[in-house]
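In: Output the structure for:
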Amino acid sequence: MSIRDFAVSVGPKASPRQPGSPHSVADQEEIFAMAYIPGTDNDDTLYGTNDPDQILGFGGNDLLVGLNGNDVIQGGNGDDRLEGGEGDDDLWGDAGVDTLVGGAGQDRLIGDADGDKLSGGDGFDTADYVRSGAAITVDLVAGTAMAAGGTTHDRLAGIEAVEGSFYNDELSGNDGYNLLRGNGGNDVIHGLGGADVLDGGFGDDQLWGGDGEDTLTGGAGNDSLFGEAGNDTLKGGDGNDELYGGAGNDSLEGGLGGDRLDGGAGIDTATYGYSNIGVSVSLWAGRADDGDGPDDALLNIENVDGSASGDSLSGDQKANILKGLGGNDWLVGDLGNDTLDGGSGRDKLYGDSGNDILDGGAEGDKLYGGSGNDTYVIDSIDDRVDESVADSQGVASGGIDTVRSGYSVSLSNATIFKGDIENLTLTGTGNLNGSGNGLANILTGNTGINTLAGGAGDDTLAGGFGNDTLIGGDGSDTFLFNAALNAVSNVDTITDFSVLDDTINLENAIFTAFTTLGALVADAFHIGSAAQDADDRIIYDPTTGALTYDSNGNAGGGAVQFATLGAGLAPTNADFFVV
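Out: Predicted structure coming up:
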């Protein structure tokens, strides 16, 4: 026996393969940088090194052991035993009835489906039948693999992944995580239990996910994909494919060709991110045109993800989520309580009927709510909101509508807002300002330092976290305190509190000493600089205007200021409500 070392300058050593990954050019470079250990035509016992080895048994009944390193071991003729040891090894039994033991690492075991024993050992191991000259039937539950026309089968143990042949294979997993690839041929693949990855490859394949959250890819050909149970991802690939989500919240991507997408039970999404042009999708009509020929047929689909180009997406009577992603999109919610997300681009969003959420994305978008209680997300200073347009059923716009803005904004700004908008919520952490209009507004701050101004109308102002300034304006206003108290960083100033018209609401989840909702009891309110008895909880200091909550009355240590009113006022317990 001779050992020849071919370690030459052919590039860096390849890193360990990921589970189920094929050979790469880097893997080939590693082979040529291995110690080459050849056998003879006799019964050899060959041991590798702790580095990557290439061990060839040739003839005879050989024992070939790789030890450490990412080894390539080929048995040759004879009934051989191949042991990979540590590392990510390739074991090829070749002719004869062979025993292949992967050991630790992500190993690839190449049998011939004619009586070999394949034991993966630890790690994510693959039984590879790509080189088979006939179709393969693999059952990981039974632990068998047999070639069409064969009389004996390989015995499999510790195998998680299977590479099929280029013929019509039948591959079946087990209750664990399996990676099953059909490669060529018209294959039938069953994942069974576990979160499996099934890939049909070329040919007209049938893929069945089984239990678990599976990923099914048909590849080229006219494929049929069945997600079955679990939240599955189905990708048809090229060809006229049929995708059935089954139970669970599934994602269905037909790919090129005229496909049938049936979500089944659950909340299912049709995705068109693969398309290079804008797509036109109508859930009401059950059709989608992705520009590659015949339309897709859509059944039991609730949500749609568009492409990177300008899409036209419309919903149906269900609660749909429509995402335009890239491009200048036109999204229509139709009758349900819909969520419209334009993504990048200058989009037009029309909620139509229902209580809709409209978010145009980062560029200047036009948002039309229609009827219902709609929410508009302002994430560009160039966004425009129109609440004056009726819905497709002729119902006039209306409802109680809300703007969620990451910018300082006034609901009375006619350049941005058209129609009646009632509520404003500031988002993010910036120091933003918000003001209302002539309606009864609810203005809510964010975690920054905000100035909220109600204007005309009976308004409700909630500063949230931060030292905010609250201006009720005209009308009978309510000031809500519902954020965690902090005498340093969360003390709001009410500039125009009126004991005749205005009210302060205290959230009992924050003001935990109050267990009964409704008007504050008289004994719990005190005017002075501090609590005077065990019942005092809300203390107004007429000298400074400080408004303090004392969780334990005059016991000490429980007082924290949460607001500042004008000095010299004469409030009573009737000005406070526990909510």
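
In: In contact with the nearest residue to residue 388 once chain neighbours are set aside, which residues?
Out: In this structure, residue 388 finds its nearest non-sequential neighbour in residue 419, 3.7 Å apart by CB to CB, 6 or more residues apart in numbering. The C-beta positions use only the backbone N, C-alpha and C, and glycine is treated the same way. For residue 419, the contact set (CB atoms under 8 Å, 6 or more residues apart in numbering) comprises 385, 386, 387, 388, 389, 397.

In: Give me the neighbour count for the residue lying closest to the second one once chain neighbours are set aside.
Out: Pointing back at residue 386 there. With sequence-adjacent residues excluded and distances taken as CB to CB, 6+ apart, residue 386 is closest to residue 418, at 4.5 Å. Using other CB atoms under 10 Å, residue 418 has 15 other residues around it.

In: Residue 418 is in contact with residue 376, isn't it?
Out: No - contact criterion CB atoms under 8 Å: residue 418 and residue 376 do not qualify, at 11.5 Å.

In: Can you tell me the SS state at residue 523?
Out: Secondary structure state of residue 523, per DSSP: H, G, I helix; E, B strand; the rest coil, is helix.

In: so how far is residue 341 from the nearest residue to residue 321 once chain neighbours are set aside?
Out: Nearest residue to residue 321, sequence neighbours excluded (CB to CB, 6+ apart): residue 303, at 4.1 Å. Residue 303 is 10 Å from residue 341, where distance means CB to CB, to the nearest Å.

In: who touches both of the two?
Out: 321, 322, 323.

In: one step back: tell me what the residue nearest to residue 321 is bridged to.
Out: residue 269, residue 321 (DSSP bridges).

In: which ones are touching it?
Out: Contact partners of residue 303, counting by CB under 8 Å, 6+ apart, are 267, 268, 269, 270, 320, 321, 322, 323.

In: contacts for stretch 347-357?
Out: Under the contact criterion CB under 8 Å, 6+ apart, stretch 347-357 has outside partners 319, 324, 328-340, 342, 358-361, 363, 365-375, 377, 389, 391-393, 395, 399.

In: OK, contacts around residue 202?
Out: 166, 183, 184, 185, 219, 220, 221.

In: which residue packs closest to the first one, ignoring adjacent ones?
Out: By that I understand residue 166. The shortest distance from residue 166 to any non-neighbouring residue, by CB to CB, 6+ apart, is to residue 184 (3.2 Å).

In: Would you agree the one you found is in contact with residue 200?
Out: No - when contacts are counted by CB under 8 Å, residue 184 is not listed as touching residue 200 (9.8 Å).

In: which of these two has more neighbours?
Out: Shown here are residue 184 and residue 200; by other CB under 10 Å, residue 200 has more neighbours (35 against 19).

In: Tell me how far the more buried one lies from residue 146.
Out: As for residue 200, its distance to residue 146 is 20 Å (criterion: CB to CB).

In: rewinding a little: can you work out which residues contact both of residue 418 and residue 376?
Out: In contact with both residue 418 and residue 376: residue 385, using CB under 8 Å, 6+ apart.

In: Show me what the residue nearest the centre of the chain bridges to in the sheet.
Out: Of all residues in the chain, the one closest to the mean position by CA atoms, centre = their mean is residue 251, 11.0 Å from it. The partner list for residue 251 in beta bridges (DSSP bridges) reads residue 233, residue 269.

In: So it is in contact with residue 268, correct?
Out: Yes - if you go by CB under 8 Å, residue 251 and residue 268 touch, sitting 7.4 Å apart.

In: still on that earlier bit, let me have the contacts of residue 419 in TSV, extended by neighbour count, pLDDT and distance to residue 315.
Out: Formatted as TSV, the contacts of residue 419 follow (neighbours: other CB atoms under 10 Å; pLDDT from 0 to 100; distance: CB to CB, whole Å):
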residue	neighbour count	pLDDT	distance to residue 315
385	27	97	20
386	17	96	19
387	23	94	19
388	13	94	22
389	16	91	17
397	21	84	18
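
In: Residue 567: which of the residues you listed is nearest?
Out: Nearest to residue 567 among the contacts of residue 419: residue 385, at 39.9 Å, using CB to CB.

In: pretty sure the closest one is touching residue 424, no?
Out: No - counting by CB under 8 Å, residue 385 does not reach residue 424; the two are 11.2 Å apart.

In: any residues in contact with both of these two?
Out: With CB under 8 Å, 6+ apart, residue 385 and residue 424 have common neighbours residue 403.

In: quick one on the thing from earlier: please list the members of the contacts of residue 419 that lie in strands.
Out: Using DSSP state E, the subset of the contacts of residue 419 located in strands is 385, 386.

In: my read: residue 462 touches residue 480, true?
Out: Yes - contact criterion CB under 8 Å: residue 462 and residue 480 qualify, at 4.0 Å.

In: Could you pull up phi and psi at residue 554?
Out: Dihedral pair for residue 554: phi -90, psi 20, per degrees, to the nearest 10.

In: re the thing from before, the contacts of residue 202 into a markdown table, with extra columns for pLDDT?
Out: Converted to a markdown table, the contacts of residue 202 look like this (pLDDT from 0 to 100):
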| residue | pLDDT |
| --- | --- |
| 166 | 97 |
| 183 | 98 |
| 184 | 96 |
| 185 | 98 |
| 219 | 97 |
| 220 | 97 |
| 221 | 97 |
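
In: Now flag whichever of the residues you listed is closest to residue 227.
Out: For the contacts of residue 202, the residue nearest residue 227 by CB to CB is residue 219; the value is 16.4 Å.

In: Can you tell me how far the closest one is from residue 390?
Out: Relative to residue 390, and taking CB to CB, residue 219 is found at 48 Å.
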